[in-house]
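# Structure for this input, please:
(one chain, ligands or ions: 2)
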Amino acid sequence: MGSQSNRLLCCLSLAMLLISVSSAKFSDLFQPYWGADNIVALGEPLKLALDSTSGCGFGSKKKYLFGQASMQIKLVEGDSAGTVTAFYMSSDGPNHNELDFEFLGNLSGEPYLVQTNVYVDGSGNREQRHSLWFDPTIDFHTYSILWNHHHIRFLVDGIPIRVFANKEANGIPYPRDQAMGVYGSVWNADDWATQGGRVKTNWSHAPFVSAFRAFEIDACELPAEAAGAERCEGGGAFWWDAAGMSGLSPHQQRQLRWVRKRHLVYDYCKDTARSSEMPGECLN
Ligand SMILES: *[C@@H]1O[C@H](CO)[C@@H](O)[C@H](O)[C@H]1NC(C)=O
Ligand SMILES: *[C@@H]1O[C@H](CO)[C@@H](O)[C@H](O)[C@H]1NC(C)=O
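Ligands and ions are numbered 1, 2, ... in the order given. Now for the predicted structure:
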């Protein structure tokens, strides 16, 4: 008994050392990453502007291997056609991994779409697109990426809109050994973002501003000097890998079914015109 509880205590404090739980000020976690002149307000809410000269973005100071990142975002109001506001996690280099939320703007009064994507070893092409059940330009909403050994969840106000399952057992690549930074940005993508690229950015409506706040990174931090990814394996010591986190709860499964039925607009796994052979992860 005694040694068991000692062991538990030791594991708990080890886990506490490893986890960085941060519901923190912007400047504790992040720094400007590009286009710093277009970051109109550093702080909370943080405001990122796109104009005809540049977009801009911020990135986390640290890198993380498994865990959850969340932020609240209020998207460009009015005419946002051609613009993309992004919240994503990414590692570096040509064979990088990346988990994306991309909010595709639209003409005034027309709905935004949320595109999610997963890159593994430098290759993406795993887009899904959803409409939202609210106007994301009126209020802040919470967007989260949860990444554990079993799956990746994309959440909107806590509701799962997408789950990318780990199917390594079937030979499907899964992001597992590259630590990722957490990023936010606003940029021009009028060659593809709005109505398939037909609607261009109207620069007379610039600047296009999205606001970000309530930054939370609850993830296994990998200090630059630490090579070892094994510290983030955790063996269930981390909440995101604990028993019960291997899949969605029945309630979350119902939510995901509802989202897919009502709000899924595009799924690469159903795009038979695009790929003659379905990507392996699309087959059960
Ligand atoms: C923009 O609005 C049009 C018309 O309502 C819609 O078809 C499209 O899906 C919307 N979103 C984007 C990103 O094009
Ligand atoms: C751009 O916006 C201006 C001002 O609202 C408007 O007069 C113009 O027609 C718009 N341009 C296009 C191509 O829609």
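# Look up how far Asp51 lies from the residue lying closest to Ser246 once chain neighbours are set aside.
Spatial nearest neighbour of Ser246, excluding adjacent residues (Cβ to Cβ, 6 or more residues apart in numbering): His150 at 4.5 Å. For every residue, glycine as well, the C-beta is placed using N, CA and C. Distance, His150 to Asp51, by Cβ to Cβ, to the nearest Å: 42 Å.
# Kindly report the same for Thr142.
27 Å.
# Check Tyr268 too.
32 Å.
# And Val182, by the same measure?
The gap separating Val182 from Asp51 is 25 Å, by Cβ to Cβ.
# which outside residues touch stretch 245-260?
Defining contact as Cβ atoms under 8 Å, 6 or more residues apart in numbering, one finds that stretch 245-260 is touched by 130, 148, 150-151, 153, 159-163, 239.
# In strands, which of those residues fall?
130, 151, 153, 159-163 (DSSP state E).
# Identify the farthest-apart pair in these.
Maximum pairwise distance among the ones in strands among the contacts of stretch 245-260 (Cβ to Cβ): 17.5 Å, between His130 and His151.
# ok, those two, which is more surrounded?
His130 (22 against 19; other Cβ atoms under 10 Å).
# contacting residues for that one?
So, once contact is read as Cβ under 8 Å, 6+ apart, His130 ends up touching 113-114, 116, 161-162, 259, 263-265.
# Residue in the protein with the shortest distance to ligand 2?
Of all residues in the chain, the one sitting closest to ligand 2 is Asn202 (3.7 Å; Cβ to the nearest ligand atom).
# From ligand 1, how far off is that residue?
14 Å (Cβ to the nearest ligand atom, to the nearest Å).
# In contact with the closest residue to that residue other than its chain neighbours, which residues are there?
Excluding its sequence neighbours, the residue lying closest to Asn202 (Cβ to Cβ, 6+ apart) is Asp79, at 5.8 Å. Asp79 makes contact with 105, 107-108, 202, 205, according to Cβ under 8 Å, 6+ apart.
# If we use 7 Å, what do you get?
Counting by Cβ atoms under 7 Å, 6 or more residues apart in numbering, Asp79 touches 107-108, 202, 205.
# Roughly how far does it sit from Gly181?
31 Å.
# Output the ones in strands among the contacts of stretch 245-260 in CSV; the columns should cover pLDDT and distance to ligand 1.
Below are the ones in strands among the contacts of stretch 245-260 laid out as CSV (pLDDT from 0 to 100; distance: Cβ to the nearest ligand atom, whole Å):
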residue, pLDDT, distance to ligand 1
His130, 98, 11
His151, 97, 26
Arg153, 98, 23
Ile159, 98, 20
Pro160, 98, 22
Ile161, 98, 16
Arg162, 98, 17
Val163, 98, 23
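# between these, which is closest to Ala193?
His130 (14.7 Å).
# hey, where'd the helices end up in the protein?
For the chain, the helices defined by DSSP state H cover 2-18, 26-29, 250-263.
# and the ones you listed, which one's lowest on average pLDDT?
For the helices of the chain, the weakest mean pLDDT is recorded on helix 2-18, namely a mean of 45.
# Just give me the neighbour total for Phe84.
I think there's a mix-up here, since residue 84 is Val and not Phe. So Val84, with other Cβ under 10 Å, has 25 neighbours.
# Not counting sequence-adjacent ones, nearest residue to it?
In space, Val84 is closest to Ala189, 4.3 Å off (Cβ to Cβ, 6+ apart).
# mind checking the backbone torsions on that neighbour?
Here is the backbone geometry of Ala189 (degrees, to the nearest 10): phi -140, psi 40.
# how much space between it and ligand 1?
Counting by Cβ to the nearest ligand atom - Ala189 and ligand 1 are separated by 10 Å.
# count of neighbours near that residue?
Ala189 has 18 nearby residues by other Cβ under 10 Å.
# Pretty sure it sits against Thr85.
No: using Cβ atoms under 7 Å, Ala189 is not in contact with Thr85, being 10.1 Å away.
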